[in-house]
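Participant: got a structure for you, letters missing:
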């Protein structure tokens with residue numbers, strides 16, 4: 001019982017501490033950032049990429065750019081060529097990664113953006129595939145999950161998941177058709 005009492009007391013102290021930190025003055029209002037910079041993470045030009053770029057553009061950010069991490073020079077050249085062929089009005093920033101490190105490079109890039117403009121907000125748009133089978137989830141979106149977990153701890157950086165629902169997800173989640181009854 002004493003251990004349970006001390007544990008509950010510690011939880012209460014933690015809750016009080018969080019509540020104190022979250023308090024606002026009675027006359028406080030929303031404090032919008034100076035500017036919002038959109039960063040769309042891309043690896044190739046496909047339907048989910050175009051959807052994410054379109055969505056990011058529709059939020060009317062102060063600036064927008066697409067960022068890719070180059071782990072293979074040939075793939076990066078193909079991406080740049082496809083980017084130009086689609087005439088996307090968004091600049092493509094290439095981060096070089098000789099060691100196939102993606103998450104750390106993106107985080108470093110976002111930190112530099114924040115240092116340049118600390119009163120601004122950076123919104124990162126992350127593409128995610130929505131799949132229907134559990135084993136497909138293991139094969140996809142792992143980099144996105146790691147990145148989102150790290151972005152939670154970066155002040156001034158928001159992230160938006162841009163889901164793209166694949167056919168396998170709709171095949172397994174659609175409600176069954178109601179049976180037809182004869183009258």
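Facilitator: Alright, I've got the coordinates. This one's a predicted model, so the numbers in the text were calculated from it and none came from an experiment. Residues are numbered from 1 along each chain as shown.

Participant: Would you check how far apart residue 138 and residue 131 are?
Facilitator: Separation of residue 138 from residue 131 (C-beta to C-beta, to the nearest Å): 10 Å. Every C-beta, even on glycine, is put in place using the N, C-alpha and C of the backbone.

Participant: More neighbours: which of these two?
Facilitator: It is residue 131, of residue 138 and residue 131, that has more neighbours when counted by other C-beta atoms under 10 Å, with 20 against 10.

Participant: where along the chain do the strands fall?
Facilitator: Per DSSP state E, the chain carries strands over the ranges 36-41, 63-70, 92-96, 121-130, 157-165.

Participant: could you check the angle strand 36-41 makes with the third one?
Facilitator: The one in question is strand 92-96. Strand 92-96 and strand 36-41 are oriented at 60 degrees to each other (axes from the mean of the first three to the mean of the last three C-alpha atoms, to 10 degrees).

Participant: The longest one now?
Facilitator: Compare the direction of strand 121-130 with that of strand 36-41 by the same axes, to 10 degrees and you get 30 degrees.

Participant: Hey, what's the angle from strand 121-130 to strand 157-165? Just curious.
Facilitator: Going by the same axes, to 10 degrees, strand 121-130 is angled at 20 degrees with respect to strand 157-165.

Participant: most neighbours per residue, which of the strands of the chain?
Facilitator: Ranked by mean neighbour count, these are led by strand 36-41 with a mean of 22 (mean count of other C-beta atoms under 10 Å).

Participant: I'd like the average pLDDT over it.
Facilitator: For strand 36-41, mean pLDDT rounds to 96.

Participant: Same question for stretch 87-98.
Facilitator: Taken as a whole, stretch 87-98 carries a mean pLDDT of 92.

Participant: quick one: that stretch to chain centroid distance?
Facilitator: Offset of stretch 87-98 from its chain centre (C-alpha atoms, centre = their mean, to the nearest Å): 17 Å.
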